[in-house]
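Visitor: Quick one, what's the 3D model for this:
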Amino acid sequence: MDSMMIVLGIVIFLALAFDFINGFHDTANAIATSVSTRALPPRVAVLLAAVMNFVGALTFTGVAKTIGGSVADPAKLDNGVEIVIATLIAAIIWNLVTWWFGIPSSSSHALIGALAGAVFAGAGMSGLNLGGFKTIVQGLIFSPLIAFAVGFIVMTTFKWTFGRHSPHTVNKGFRTGQIITAAFQSFTHGTNDAQKAMGIITFALVAAEVQDHLEVPLWVKLSAATAMALGTSLGGWKIIKTMGTKIFKIEPINGFAADISAASVILTATLTHLPVSTTHAITSAILGVGSAKRFSAVRWSMAGKIVASWIITIPISAALAMIIFKLIDVFFI
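Guide: Below you'll find the predicted structure:
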């Protein structure tokens with residue numbers, strides 16, 4: 001029992017470290033547009049994002065239950081805690097690599113891919129809940145397509161509505177509105193992304209037979225929300241630069257349209273208990289908005305690099321987790 005408590009302590013530390021990294025890795029998703037248009041000073045934007053991430057993280061738990069039980073049933077795994085450790089180490093490695101190079105990759109893809117890879121390595125194909133895994137992957141695939149379409153429609157509507165008005169006056173109004181959308185985007189990020197760490201901790205608690213249900217304990221909610229808020233407070237300046245300047249030149253009306261589109265998609269996913277990628281949603285919304293503004297205005301070469309990172313994240317994270325699990329199995333079990 002004492003050794004199991006130590007292992008669980010390692011899991012909790014790694015999960016909160018993942019959440020912390022997720023916070024500064026994905027801060028850009030919430031505030032890149034408002035910073036790039038100077039709607040908010042960078043430090044104010046980061047502080048706003050941290051507070052709203054914390055509030056959002058405490059509001060819902062449906063996504064946590066999906067993460068905790070849809071990819072695999074932790075109660076049926078003899079080595080579930082070791083699987084979680086391999087999952088978290090792999091996801092953290094990939095998050096740090098993509099952060100270092102300023103690539104807005106998906107923490108959600110990294111975690112889901114790593115969990116699937118670790119379960120496969122530890123329990124074989126029979127350990128995977130293929131139906132649940134398929135549903136999650138479908139959500140991860142379709143949510144950016146929906147965000148692109150919503151961003152395109154919202155921006156097209158704005159063009160029709162405000163096309164005859166002075167660009168200076170329009171952008172001045174939308175620059176103020178971006179404060180609200182940045183807060184909304186940060187809140188929805190907390191409602192979805194922070195729950196992934198909650199879910200993985202709950203997965204480990206069930207696997208270790210500390211509890212027999214997937215309800216998220218209050219201390220787990222508070223710990224994950226705090227870790228994400230602290231991580232967010234550091235900011236992710238490399239990714240902010242990519243998101244805010246390298247896809248296309250964003251004006252306040254574009255930033256408002258992208259934020260409201262992405263946040264709506266993320267909140268809808270949260271309400272349906274579906275984990276999605278905040279990175280994918282906001283990037284796709286920016287691409288949709290840019291396409292509606294002027295298709296040639298989008299730097300499609302940069303967009304292609306971002307999409308490529310999305311495609312490779314799940315298999316690379318899964319492979320990393322499989323290798324790490326085998327190393328744990330050989331040297332520590």
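Visitor: Name the surrounding residues that touch stretch 203-215.
Guide: Contact with stretch 203-215 is made by 4, 7-8, 11-12, 15, 61, 64-65, 67-69, 74-75, 77, 80-81, 83-84, 202, 217, 220, as judged by CB atoms under 8 Å, 6 or more residues apart in numbering. (Each C-beta comes from the backbone N, C-alpha and C, glycine too.)
Visitor: of those, buried ones?
Guide: Neighbour counting by 16 or more other CB atoms under 10 Å classes 7-8, 11-12, 15, 61, 64-65, 67-69, 74, 77, 80-81, 83-84, 202, 220 among those as buried.
Visitor: how close does N79 get to H213?
Guide: According to CB to CB, to the nearest Å, N79 and H213 sit 21 Å apart.
Visitor: In terms of neighbours, single out the busier of these two.
Guide: Set N79 next to H213 and count neighbours by other CB atoms under 10 Å: N79 wins out with 20 against 12.
Visitor: Name the nearest residue to that one, sequence neighbours excluded.
Guide: G122 (4.9 Å; CB to CB, 6 or more residues apart in numbering).
Visitor: cool, K65 as well?
Guide: Distances taken as CB to CB, 6+ apart place L214 nearest to K65, at 4.8 Å, with adjacent residues excluded.
Visitor: and that neighbour, helix, strand or coil?
Guide: State at L214, reduced to three classes by DSSP: H, G, I helix; E, B strand; the rest coil: coil.
Visitor: I'd like to know how many residues surround it.
Guide: 21.
Visitor: Return the per-residue confidence for it.
Guide: We note a pLDDT of 86 for L214 in this prediction.
Visitor: what's the answer for A75, then?
Guide: pLDDT, A75: 86.
Visitor: before we move on, what about K249?
Guide: In this model, K249 is scored at 69, pLDDT.
Visitor: A28 too?
Guide: The model's pLDDT for A28 equals 65.
Visitor: so where's this structure shaky on pLDDT?
Guide: Low-confidence segments of the chain (pLDDT under 70): 1, 26-29, 102, 104, 235-249, 297, 302-303, 306, 332-333.
Visitor: residue farthest from the centroid of it?
Guide: Distance from the C-alpha centroid of the chain peaks at R164, with 37.5 Å (CA atoms, centre = their mean).
Visitor: Which ones among the contacts of stretch 203-215 lie within helices?
Guide: Using DSSP state H, the members of the contacts of stretch 203-215 that fall in helices are 4, 7-8, 11-12, 15, 64-65, 67-69, 80-81, 83-84, 202, 220.
Visitor: Would you mind listing the residues in contact with D73?
Guide: Applying CB under 8 Å, 6+ apart, we find D73 in contact with N129.
Visitor: Mind giving me the packing neighbours of the helix or strand harbouring L287?
Guide: Using DSSP states H and E, L287 falls within helix 278-293. Under the contact criterion of 3 or more CB pairs under 8 Å, 6 or more residues apart in numbering; DSSP states H and E, helix 278-293 touches helix 2-36, helix 107-123, helix 130-162, helix 167-207, helix 237-245, helix 252-271, helix 300-331.
Visitor: A45: which of these is closest?
Guide: Of all these, helix 2-36 sits nearest to A45, with 4.0 Å by CB to CB.
Visitor: now for that closest one, which elements pack on it?
Guide: Secondary-structure packing of helix 2-36 (3+ CB pairs under 8 Å, 6+ apart): helix 42-57, helix 80-100, helix 107-123, helix 167-207, helix 218-234, helix 237-245, helix 252-271, helix 278-293.
Visitor: Save the ones you listed as a markdown table, and put in distance to F133 too.
Guide: Formatted as a markdown table, these follow (distance: least, CB to CB, whole Å):
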| stretch | distance to F133 |
| --- | --- |
| helix 42-57 | 24 |
| helix 80-100 | 13 |
| helix 107-123 | 6 |
| helix 167-207 | 14 |
| helix 218-234 | 22 |
| helix 237-245 | 27 |
| helix 252-271 | 16 |
| helix 278-293 | 18 |
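Visitor: closest to F148 out of those?
Guide: Shortest separation from F148 across the helices and strands packed on helix 2-36 is recorded for helix 278-293, at 4.0 Å, computed as CB to CB.
Visitor: Could you pull out the buried residues of stretch 142-149?
Guide: By neighbour count on 16+ other CB under 10 Å, the buried set for stretch 142-149 is 143-144, 146-148.
Visitor: That's all I had, so thanks and see you.
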